[in-house]
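>>> show me how the following folds:
(one chain, ligands or ions: 2)
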Amino acid sequence: MSVRILGIESSCDETAAAVVADGREILSSVVASQIDIHRKYGGVVPELASREHLRQIVPVVREALGDAHLDLREVDAIGVTEGPGLVGSLLVGITYGKTLAAALGKPLVPVNHLEGHIHAVFLEAHKSGIEPALPAVCLIVSGGHTVLYDVRLKDGANPGAAALWSYRKIGQTRDDAAGEAYDKVSKLLGLGYPGGPVLDRLAAAAGDAPPPVTFGPTRIKGNAYDFSFSGLKTAVLYHLRENPDYQPEIAAREAAIGHGQRKFDQLLSLCSPKTLGLIREFQNAVVRELVDRTTKAAAEFGAPTILVSGGVAANRQLRAAFDERSAALRVQVYFPSLALSTDNAAMIAAAAYPRLKNHVLADVSLNASASLPLA
Ligand code: KG4
Ligand code: ZN
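Ligands and ions are numbered 1, 2, ... in the order given. The predicted structure is shown next:
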């Protein structure tokens, strides 16, 4: 009989629930995004996020159970994101998860959101019958995080969905996360929030538009596996200030977005070749930083595997660059599908499975942990 875990995720601006069997089979996965609510403020507003989670949590869990054709009583455990994330948002999922677990007499499994992102890669690989080999270098790259971990099996654990892993942090961003840089540059360019998806597509549409500026490698003193993206964002800002000819089209795009005209073709038609060239150069720089430092870490630590997860892992150029580089280095690189790259609850249910198997459980005293570390 398989072990079915109901996962609940509410750490940021997605209310999500999913049912996963034996840590790898996704029976259902429902995500209610709040992007339309936060968009007009140019970023996630914590107070609004908590309130929206409150509205969504019950119907989202009900839908996930319905899609899996399960009754609440048929679930074997509840896995819930403990942190890191926004405290008010986390508390909604935690309180609901605790209440369900207590009412049903089922185990409550606390999950680190970042560990969930790593499991997302394993969920995806499992669809092709693959279990990525450990040790691995794992890049988690999202709106809130840009961090590199060395991931391996915990001492004595056998490979597989039920294995506990251990983590060592190899590097992290010293300022902005990569997704945050995308979002901020998008705002500077009048392209709205979130910035990643639209800049990704505009960069691809730039073709060989001449580069109006180029961004060299970021120099980092000390740990070669740390990242920094605020300098790049500032370089874009200064470039825009020094070139006032960008302003009319930025204003036109802001106006279009203000009128709800955010379709890709509409925005593309409001971008000059110069703007497209700038976006391509920005993306080239972000991708180069992420791929260079991650592949260098994999080579130094002799890891056969690279795992890439988090919202920015959806970036097409990043995927292509990793694929190309890893083929040359003979390292296997794994990404989640687009749906599993961004926040979801299937990854939380998957990460809960080894903890359940190894009795790493919580009780009703579980609280939100805004900066819960993974290592
Ligand atoms: O993991 P996620 O859904 O939420 C957290 O931040 O935890 O990641 C969202 C971030 C946003 O900053 C968004 O701009 C970025 O991921 N993003 C992308 C792409 N899709 C989403 N960045 C670059 N290229 C993309 N295609
Ligand atoms: Zn996330």
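>>> nearest residue to the spatially most central residue of the chain in space, please, no chain neighbours.
Closest residue to the average C-alpha location of the chain: Gly310 at 2.1 Å, with CA atoms, centre = their mean. Excluding its sequence neighbours, the residue lying closest to Gly310 (CB to CB, 6 or more residues apart in numbering) is Ser142, at 3.4 Å. (Glycine included, C-beta is placed from N, CA and C.)
>>> verify the contact between the one you found and Ala314 for me.
No: Ser142 lies out of contact with Ala314 (CB atoms under 8 Å); the separation is 9.9 Å.
>>> look up how far Ala313 lies from the residue nearest to Gly310.
Separation of Ser142 from Ala313 (CB to CB, to the nearest Å) stands at 8 Å.
>>> who's more crowded, those two?
Ala313 (29 against 25; other CB atoms under 10 Å).
>>> ok, and the closest non-adjacent residue to that one?
Ser341 (4.4 Å).
>>> and Ile250, by the same measure?
Gly190 (3.9 Å).
>>> residues near the one you found, how many?
Neighbour tally, Gly190, other CB under 10 Å: 22.
>>> ok, now the one 10 residues further on?
By other CB under 10 Å, the residues close to Asp200 number 18.
>>> list the contacts for the residue nearest to the centre of the chain?
His117, Leu139, Ile140, Val141, Ser142, His145, Gly179, Ser341, Thr342 (CB atoms under 8 Å, 6 or more residues apart in numbering).
>>> repeat that for 6 Å
By CB atoms under 6 Å, 6 or more residues apart in numbering, the contact list for Gly310 reads His117, Ile140, Val141, Ser142.
>>> now do the helices in the stretch 251-375 of the chain.
264-268, 273-301, 316-329, 338-341, 346-357 (DSSP state H, counting those that start in this stretch).
>>> tell me which of those is the most buried.
Scoring those by mean neighbour count under mean count of other CB atoms under 10 Å gives helix 346-357 as the most buried, with a mean of 29.
>>> contact partners of that one?
Helix 346-357 has contacts (CB under 6 Å, 6+ apart) with 5, 7, 9, 18, 20, 23, 26, 29, 77, 79, 81, 109, 111, 115-116, 119-120, 123, 161-164.
>>> stretch 166-179 too?
141-152, 154, 196, 223, 225-230, 286, 297, 311-312, 374-375.
>>> and these near ligand 1, which?
Contacts with ligand 1 within the contacts of stretch 166-179, counted by CB under 6 Å from any ligand atom: Ser142, Gly143, Gly144, Gly196, Gly311, Val312.
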